[in-house]
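K.L.:
my questions are about this predicted structure, shown below with the sequence.
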Amino acid sequence: MKQTLTARFARCVLVLGLLLAAAGCGGGSPPERVTIMIPWSGDEFQAFHAVLTAFEQETGIQVDVQVTRALTQQLDAAVTAGAPPDLAMLPSVGAVHGYVEKGNGKERRLQPLDVPTGAYLEPFRGLAAVRGKVYAVPVKVDVKSLAWFAKAATGPSAPPDRDTPGVWCLGLESGPTSGWPGADWIADLLLARAGVDFYTKWLTGGEKWRSPQLDEAWTAWRALMGSGVRGAAVRNFGEAAAGMTTTPPRCSLAHGALSAMGFDGKDDHDFVTSSATRRLEVSADFVGMFTDDNPGAEALIAFLAGTRAQQLWVDQEAGAAFSADGHVTRYATSVQQRIAGMLRPHSGYTLCFGAADAMTPDVSAAFYRAVLDYATGATKDPDRFLADLDQVQEKLGSSPVPREKLCVGPPRVSGSPADPGRAGPVVPAG
């Protein structure tokens, strides 16, 4: 990114109060079109479209949206061919790090960004930076460690027992990324049972997949699913939660982020955390820039990174979006307000980035495939799958994210003992 161009943009923004510099600011007007690749459909797409509409109306820049469910594969192909979109949504921090490192021949790397990140909450703010430079910004975030129930079936404050086998709604089908709901769940169990220290060591290569702690998490997940595992591999994750509201209900609890549930967070559903520990898996969708010669792309990413756009995104209630921007505080429902509160530094929760999101995309894909094979196979012993995953990770490498960035805990009270499972900032021992 040319710093002179960025500086000229900043001057125009200050003078005119616009994201786009007028032609009189010098250097001519920027291109009128920007391309962005995204993975969303349905309510998530509608929420994002509302944000883009506001940008287009304010700047006159047209945004061409490329929608694909196979985002990782399509983006890889475009980058390798030397023809990436100007911007792309990156569904994992592993992908962010991977595209920073890419760049041989015609490949285009992620470009460093000149956008302020001081308003972002941790761990999202730290994950946006690689070696001291910002390469991507979180545009929406989620809390994954939630157990959802329908109030009409259970009563407003009496969710089913989270440890009862067979009460869970389960769907693993999600196109090219089928299996991720089970991967999130297994990682959630591992975080709750083995703790932050083991979790971060495992992600960064200090612990094997074929370990007692991983074996226990996989086995516990399969046992918890009970008969619900049958057919789960071909049942869409977004439709699975509907089993809570059928007559009679097919299941009583659903695990995951609000955006994955297929309902909008109104008062007919509620949640508890999926374990009794105060450790939560979180995730984020990041946006990064692959071109360095399109001022319109700079304007769009600056817009998406700002509080105004992120609040507008959150205001699209059906999208169930949450922001990592600490200045975004208005949420439409009490359910959304409670979830947003869990992301705050003084919430008392330790937040850990989702395991599959922290891995390189190829290792994540192997994780998802193993989940599908385990769910559909007759064996309840995960040993073979774990051994295969050790081989995959040995070949492809562990998480590129520094270990100290993977989790953050609540601020430590002066004089209190350090507890890597509860206190923060989390700096794992060893």
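P.N.:
That came through fine. A quick note: this is a predicted structure, and the numbers were derived from the prediction, not measured. Numbers count the residues shown, from 1 in each chain.
K.L.:
could you use CA atoms for every contact and neighbour count after this?
P.N.:
Noted.
K.L.:
how does this structure divide up, domain by domain?
P.N.:
29-140+282-338, 143-279+343-408 (automatic domain parsing).
K.L.:
which strands and helices sit next to the biggest strand by length in the chain?
P.N.:
Longest among the strand segments of the chain by residue count, using DSSP state E, is strand 279-289. Applying 3 or more C-alpha pairs under 8 Å, 6 or more residues apart in numbering; DSSP states H and E, one finds that strand 279-289 makes contact with strand 87-90, strand 136-143, helix 180-203, helix 295-305, strand 350-353.
K.L.:
tell me the bridge partners for the nearest residue to residue 297 once chain neighbours are set aside.
P.N.:
In space, and not counting its chain neighbours, residue 297 is closest to residue 34: 5.8 Å by C-alpha to C-alpha, 6 or more residues apart in numbering. Judged by DSSP bridges, the bridge partners of residue 34 are residue 63.
K.L.:
need the contact list for residue 34.
P.N.:
Going by C-alpha atoms under 8 Å, 6 or more residues apart in numbering, residue 34 touches 61, 62, 63, 64, 86, 87, 294, 296, 297.
K.L.:
show the buried residues in those.
P.N.:
Buried subset of these (neighbour count, 16 or more other C-alpha atoms under 10 Å): 61, 62, 63, 86, 87, 294, 296, 297.
K.L.:
and the closest residue to residue 194 other than its chain neighbours, how many neighbours?
P.N.:
Leaving aside its sequence neighbours, residue 194 sits nearest to residue 213 (C-alpha to C-alpha, 6+ apart; 6.4 Å). Residue 213 has 21 neighbouring residues, counting by other C-alpha atoms under 10 Å.
K.L.:
tell me which element residue 213 is part of?
P.N.:
Using DSSP states H and E, residue 213 falls within helix 212-225.
K.L.:
tell me which residues are up against whichever helix or strand comes after that helix.
P.N.:
Scanning forward in sequence from helix 212-225 by DSSP H and E, the next helix or strand is helix 237-240. Helix 237-240 has contacts (C-alpha under 8 Å, 6+ apart) with 169, 170, 171, 172, 173, 174, 181, 254, 260, 261, 262.
K.L.:
closest to residue 274 among these?
P.N.:
residue 254 (9.5 Å; C-alpha to C-alpha).
K.L.:
pLDDT score assigned to the closest one?
P.N.:
In this model, residue 254 is scored at 93, pLDDT.
K.L.:
show the contacting residues for it.
P.N.:
Contacts for residue 254 (C-alpha under 8 Å, 6+ apart) come out as 147, 148, 149, 168, 169, 170, 240, 241, 261.
K.L.:
the fifth one against residue 256, yeah?
P.N.:
Just to be clear, that refers to residue 169. No - using C-alpha atoms under 8 Å as the test, residue 169 is too far from residue 256 to be in contact (10.7 Å).
K.L.:
how close does residue 98 sit to residue 358?
P.N.:
For residue 98, the distance to residue 358 equals 11 Å [C-alpha to C-alpha, to the nearest Å].
K.L.:
spit out the residues that contact these two alike.
P.N.:
Any residue near both residue 98 and residue 358 by C-alpha under 8 Å, 6+ apart counts here, and that gives residue 400.
K.L.:
show me which of these two is the more surrounded one.
P.N.:
Neighbour count, other C-alpha under 10 Å: between residue 98 and residue 358, residue 358 has more, with 28 against 17.
K.L.:
contact partners for that one?
P.N.:
Contacts for residue 358 (C-alpha under 8 Å, 6+ apart) come out as 92, 93, 94, 203, 399, 400, 401, 406.
K.L.:
same question for residue 179.
P.N.:
172, 173, 233, 367, 368, 369, 371, 372.
K.L.:
what sits opposite residue 325 in the beta ladder?
P.N.:
Assessed by DSSP bridges, residue 325 has beta-bridge partners residue 120.
K.L.:
ok, now which ones touch it?
P.N.:
Residue 325 neighbours (C-alpha under 8 Å, 6+ apart): 119, 120, 121, 307, 310.
K.L.:
now do residue 90
P.N.:
By C-alpha under 8 Å, 6+ apart, the contact list for residue 90 reads 96, 285, 286, 287, 288.
K.L.:
number of residues surrounding the residue nearest to it when sequence neighbours are not counted?
P.N.:
Using C-alpha to C-alpha, 6+ apart and skipping the chain neighbours, the partner closest in space to residue 90 is residue 286 (5.0 Å). By the criterion of other C-alpha under 10 Å, residue 286 has 24 neighbours.
K.L.:
show me what residue 286 is bridged to.
P.N.:
Going by DSSP bridges, residue 286 forms beta bridges with residue 90, residue 138.
K.L.:
ok, it touching residue 140?
P.N.:
Yes - between residue 286 and residue 140 a contact is recorded at 7.5 Å, counting by C-alpha under 8 Å.
K.L.:
torsion angles phi and psi at residue 60?
P.N.:
Phi and psi for residue 60, reported as degrees, to the nearest 10, are phi 80, psi 0.
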